[in-house]
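Trainee: Pasted the sequence and its predicted model underneath.
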Amino acid sequence: MKYVCLLLLCIGSTFLSYAQAPKITKQLTAVRTATPPKLDGIPNEEIWQQVAPATGFIQTNPANGSPARQRTEVRLLYDDEAVYVAALLFDTAPDSILTQLSQRDGGQVNADMFGVYFDTYLDKQNAFGFEVSTAGVQTDFKATSNGNENSWDAVWQSAVSRNPQGWSVELRIPYSALRFPKKDVQTWGINFWRSTRRFREDSYWNFVDSSIQGFVNQFGEAHGISGLQAPLRLSLMPYLSGYADHYPQDQPGKKDLKTTLNGGMDIKYGINDAFTLDMTLVPDFGQTQSDAQVLNLSPFEVRFDENRQFFTEGTELFNKAGLFYSRRIGAQPLNYYNYTYDRERYGENAAVLENPEKTSLVNATKLSGRTNKGLGIGLFNAVTSNAYATLRSGVTNEEFRVLTDPVTNYNVLVLDQSLPNSSFITFTNTNVTRGAGFYNANVTGLMSKLTNKKNSYTLNLTGNLSQRYNKGEIPVGTDKMELGHMYSASFGKTSGNFQFQARHTAESHTYDINDLGYLDNNNSRETQVHVAYNVYKPFWKLNNLYNALGVQHRMLYKPSVFTQLAYFLETNATTKKFLSLGSNIVWLPLDGYDYFEPRSYNNGVPDRKWRKPAGWEVSSYVSSDYRKKLAIDVNFGFYLAPEYDQFDKWIGVSPRVRVNDNLQLVYGLNYNHAPRDFGFAGNGIQDSIFFGRREVRTVNNTLTGTYIFNARTALNLNMRHYWSNATFDQYFLLQENGNGSALGYRPLTPSAEPRNFNAFNIDLVYSWRFAPGSEVSVVWKNAIYNSVLPERTDYFLNLSSTLQAKQLNSFSVKVLYYLDYQVLKRALNTRT
């Protein structure tokens, strides 16, 4: 009976979705001006009064579909050099307008904001976004139809003014900051956004309905744009940086203090109206935020965020297929741990004098754009140089070098064709070519998204092929190429109150994209079905409510065996007092099997397993209203497996204090405790495998502070102390059925030893944007990594021990100057 009811509910929701009234697309007319308006935030020139305003904003949050509480008027002008936007943001209580300062591209803070978005190709999938806060802070990004945003540091101008009726803003966006088709008469997709922060209200000129999938596909249209000529887009960003790094070497002949002076340049060149070439020559990423290092007890690699600016800006096309993980470029050398050398000549125990942890990036290039017919083309290339370890022979006492990573060329090619109804098809190829004696890798992928006209049903299809091939180090007669594949298909109703999705994904045991991508583990088959019911409009005491119920079934790809069955229920809501809360409940009704933790493989196929008993996992979170000077985020949960008497628990608390509009502090404390965790403890004789029961404690403390002097100058502090300890109290011999047979002794393996790790980092950054696109940054970094096992597992003892350990202190200054051809040309013409 329940399946019949579910079927009827699906059919009913389908008819209701088709019965919805068609959404109206608003239109406006842009007006060409012969005289550019004065950019002072006060749009009172006569030319502005001749433009019909865009009005009638509609809420997306909190009351989806209701008229905005405050009146807004937006006007659009353009000339041969730029687009001009003027917005009058009326407010019935102008003294209540919020004005918190933030850094550029800092996102939503406790300040009102205005934004304009241009879909210049009218493909309803990609857009350029420009936003300004009441404090005059700029944000820009590239948006896609699914709401994803990609950082993008364009150069444009804005000005804000307060007045008794509210506030106003003017923007000048030069064509060098946009890409548009080569047409005499153009129609652009366009939308305007207003955030009235004290109401937590987001409203748009053309209604962006929360119940409809997508963002750019819900834009209005701008007509009357004609006679545009793309300017010569050429900008140079030379830099000069200096570093003083101090670290106690405790080695004769090695200085504690190391100083370096670096110089290089970023180049941006517009090949034509649509395509742009970005290059970084001899880049310097030394001021990039420190990674959050952790104690990794799993068999999988830890994924770190990308913080290098060149790899975070303008990469939305390269990241679309999920095959590009830019941290591979300039990463740890391939043979960092397992380098080889002539042991007959230099002896067995050569001392390591120096072994660089990262390869050096020589240069990187991005070429990207989109044709008039909606074909996006992206080409990425990067080259890293040889990396060498320096050793000293214990026999001859001579120093020699060992190659740990060869010259490597990284390439990404993307062809992304936009289709009607926010659909697309994307081809991606990544390639890694290394020097002689090292293997090469290639991955080719094809993905598509097909959506019906109402944007209510979506079919996603993906297929990838991975190849790893060598240059002769594999013995003759063996296969020199390893092929792997993955495929995924999903279909579902993706708009409206009632939604559902069915998805199946498979990854072969030889599928490997980790030379230029990231995949924690392959060899899996996963099938998932879920239904959801969402409420987007306020009711009772809630502003919105999102619910999902589903089931997930997992297997290995090879051998085709069961690994896990999970039922899940997820609920998220926001109250009318803007308290956000949610919970996720996972029921594991059957014993599962972990084929990766034993770390035993036969020709790449796992041949041992660890049985994981049936259990439950529950996690929840609560987030208070960020408009308050004091707000707090709390998350907590537990994992329960009664058969093994496992009760893992975790809690995170993060209070945030907004002292004033300039200063904000955020503290985070996360505590994880697994008193009866089970994990790999080493290998014994005759293919035996040891497991152990261990207690794992992890404490992570963070403190983030931001002091914003003004819209161009800021001081940022990031502090973090991480401690994790894993101590075994019982050992087992892994049986073929996945159970463990208790041992009365501790195996003499490194993996059976207690593990203890501390990481302490301070990043203090002063930044001053002294001119558009130009910046001075002064950075102090302190880093301590300590793996010494203290006499007892005490947090404060670990903290004290860590602060006394050897530490790296780095002080650096970097000056980046932006040179734009058009600006220089105008300046020279003015002088003559």
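Mentor: The structure has been received and is ready for your questions. Residues are numbered from 1 along each chain as shown.

Trainee: Can you pull out the residues in contact with the host helix or strand of Val813?
Mentor: Element membership for Val813, per DSSP states H and E: strand 808-816. Strand 808-816 is touched from outside by 237-247, 284, 286-287, 774-784, with contacts defined as C-beta atoms under 8 Å, 6 or more residues apart in numbering. From N, CA and C alone the C-beta is placed, and that goes for glycine too.

Trainee: Could I get the average pLDDT for it?
Mentor: The average pLDDT for strand 808-816 rounds to 97.

Trainee: what helix or strand does the residue nearest to Gly463 when sequence neighbours are not counted sit in?
Mentor: Distances taken as C-beta to C-beta, 6 or more residues apart in numbering put Tyr487 closest to Gly463, at 4.7 Å, once the chain neighbours are dropped. Per DSSP H and E, Tyr487 falls inside strand 481-493.

Trainee: Pairing partners for that strand, with directions?
Mentor: strand 457-469 (antiparallel), strand 498-507 (antiparallel) (DSSP bridges).

Trainee: Turn those strands into CSV, including mean neighbour count and mean pLDDT.
Mentor: Shown next, in CSV, are the strands paired with strand 481-493 (neighbours: other C-beta atoms under 10 Å; pLDDT from 0 to 100):
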stretch, mean neighbour count, mean pLDDT
strand 457-469, 18, 96
strand 498-507, 18, 98
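
Trainee: which one of those strands lies closest to Ser158?
Mentor: strand 457-469 (36.5 Å; C-beta to C-beta).

Trainee: Could I have the CA atoms of that closest one written out in PDB?
Mentor: Only the C-alpha atoms of strand 457-469 are listed here, as PDB (Å, rounded to 0.1, in the frame of the first residue of the first chain):
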ATOM      1  CA  TYR A 457      13.100  17.300 -14.400                       C
ATOM      2  CA  THR A 458      16.800  16.600 -14.900                       C
ATOM      3  CA  LEU A 459      18.800  13.800 -16.400                       C
ATOM      4  CA  ASN A 460      22.600  13.700 -15.600                       C
ATOM      5  CA  LEU A 461      24.900  11.400 -17.400                       C
ATOM      6  CA  THR A 462      28.700  11.100 -16.900                       C
ATOM      7  CA  GLY A 463      31.400   8.800 -18.200                       C
ATOM      8  CA  ASN A 464      35.200   9.000 -17.600                       C
ATOM      9  CA  LEU A 465      38.100   6.900 -18.800                       C
ATOM     10  CA  SER A 466      41.500   7.000 -17.000                       C
ATOM     11  CA  GLN A 467      44.800   5.900 -18.400                       C
ATOM     12  CA  ARG A 468      48.200   5.500 -16.800                       C
ATOM     13  CA  TYR A 469      51.000   4.500 -19.000                       C
END
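
Trainee: Check what contacts it and list those residues.
Mentor: 213, 321, 323, 439-452, 480-494, 510-513, 515.

Trainee: Pull out the buried residues from these.
Mentor: 213, 321, 323, 439-452, 482, 484-488, 490-494, 510-513, 515 (16 or more other C-beta atoms under 10 Å).

Trainee: Give me the buried positions along the strand holding Val813.
Mentor: Going by neighbour count (16+ other C-beta under 10 Å), the buried part of strand 808-816 is 809-812, 814-816.

Trainee: what's the most distant pair in these?
Mentor: That would be Asn809 and Leu816, which, of the buried residues of strand 808-816, are the farthest apart (C-beta to C-beta) at 23.3 Å.
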